[in-house]
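A.B. asks: sequence plus the predicted model coming up.
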Amino acid sequence: MGSFLLAPVLVAAEDPEQWLMDMSDNSAQLNYSGSLVYTQGSRMDTMRIYHGIKEGVQHERLVHMNGQPREFIRRGNSVVYIDGVNGVTSLDGQAGRAGAYFSETDFSSSYAARFAALREPYEVSFDGRDRVAGREVALITLMPKDHYRHGFELALDKSTKLLLRSLMMDVNGRVLERFEYTQIDIGNEIADADLAPEVLNKLASKPIGQAQKAPRTQSRQHAGSASWHVGWVPPAFTLSGDARVSGLVSGHDRPLMYSDGLTAFSVFVEDNANLGQHSRRRGATMAHTLVKEDKTGLFSVTVVGEIPLVAAEKIANSVTRAQVK
């Protein structure tokens, strides 16, 4: 998958997994600012990012340069989303690749950390060198060991090991999702003004300290109602909690989110409903729905996530009903 314009491999003593760990550490500890693009299918966002360390605390601001004015502000472990409609919304503990704000919040150091927390299902190796945003990078591939997840190609800056490009690819090498810097400055002091929210200056809105919480999906299960069992998930995926998935599914409740530490999917079940059988993809995100019937009646299962169709179908087929007394 890598470029052959430059040296095809790094020296044998290099460890790609150590590079990923260094990438995660450095992305949280270095000062940097730059412009980047994010594409998923036909959707493309252009953004500006500022990341700085102030008195030992990580500060970050991610600004959308197209569409309605909106930005993300990080202060240590606290993250808020600000737009011109809803004002300030706290995302503390809710940001993630399967959440409503996955595409934006994961571009920060938390995005890099996901790659450093790899587990058994991926083969990690160097794949040559290239240039991104005018800087030399080492290419690292993450190839899945099964057919139930996508692969990645990462481009890490040679001198700082910052992540400058990430490509998510299907089994045929087709790029499903791209994150890439077009310009980046590393090591310069980040001004306080660059880290301050700009959208707030245009709003009569609440200060960050009074941000409203993003709504969570509430379970409506009660005594005597149906509960659901997911009988199969791909190896290394574990249940990680409730999730909200934007853009592809609505009207479902009680979603369950599973993750392998790098990607995620959610399972939605709607009882007494016939939503038909259909599949559709938007960029890296697949949504697959089917209708099942048991002795109690019909129910519809929808699986949504950054997984291949073969995985989504197998997961959906494994869902069964268990009656709660």
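C.D. replies: Nice, I can see it.

A.B. asks: how is the chain partitioned into domains?
C.D. replies: 16-213, 226-323 (automatic domain parsing).

A.B. asks: pLDDT of stretch 118-134, averaged?
C.D. replies: On average, the pLDDT along stretch 118-134 is 90.

A.B. asks: how far does that stretch sit from its chain's centre?
C.D. replies: 18 Å (Cα atoms, centre = their mean, to the nearest Å).

A.B. asks: returning to what we had before: got TSV for the domains of the chain, with mean neighbour count too?
C.D. replies: For the C-beta atoms, the positions are set from N, CA and C on the backbone; glycine is no exception. Formatted as TSV, the domains of the chain follow (neighbours: other Cβ atoms under 10 Å):
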stretch	mean neighbour count
domain 16-213	17
domain 226-323	18
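
A.B. asks: by contact count, what packs against the strand or helix carrying Val269?
C.D. replies: Assigned by DSSP states H and E, Val269 falls within strand 264-271. Here strand 264-271 touches strand 226-230, strand 253-259, strand 297-305, helix 309-317, going by 3 or more Cβ pairs under 8 Å, 6 or more residues apart in numbering; DSSP states H and E.

A.B. asks: quick one: work out the angle between that strand and helix 309-317.
C.D. replies: The directions of strand 264-271 and helix 309-317 differ by 40 degrees, with axes from the mean of the first three to the mean of the last three Cα atoms, to 10 degrees as the criterion.

A.B. asks: what is the rounded mean pLDDT of strand 264-271?
C.D. replies: 92.

A.B. asks: got it, and stretch 50-62?
C.D. replies: Mean pLDDT, stretch 50-62: 94.

A.B. asks: what does that stretch rub up against?
C.D. replies: In this structure, residues lying in contact with stretch 50-62 by Cβ atoms under 8 Å, 6 or more residues apart in numbering are 27-33, 47-49, 71-76, 104-105, 107-109, 189-190, 192, 194-197.

A.B. asks: need the contact list for Gln29.
C.D. replies: Contacts for Gln29 (Cβ under 8 Å, 6+ apart) come out as Ile53.

A.B. asks: look up phi and psi at it.
C.D. replies: With angles defined as degrees, to the nearest 10, Gln29 sits at phi -110, psi -20.

A.B. asks: cool, Pro234 as well?
C.D. replies: The phi and psi torsions at Pro234 (degrees, to the nearest 10) take the values phi -60, psi 150.

A.B. asks: now do the SS call for the residue nearest to it when sequence neighbours are not counted.
C.D. replies: Excluding its sequence neighbours, the residue lying closest to Pro234 (Cβ to Cβ, 6 or more residues apart in numbering) is Tyr148, at 3.5 Å. What DSSP: H, G, I helix; E, B strand; the rest coil gives for Tyr148 is coil.

A.B. asks: how about the helices in this structure?
C.D. replies: Assigned by DSSP state H, the chain shows helices spanning 16-29, 102-105, 109-116, 192-195, 309-317.

A.B. asks: partners of the strand holding Val269 in the sheet?
C.D. replies: strand 253-259 (antiparallel), strand 297-305 (antiparallel) (DSSP bridges).

A.B. asks: can you flag the weakest of those strands by average pLDDT?
C.D. replies: Looking at the strands paired with strand 264-271, the bottom one is strand 253-259 with a mean of 78.
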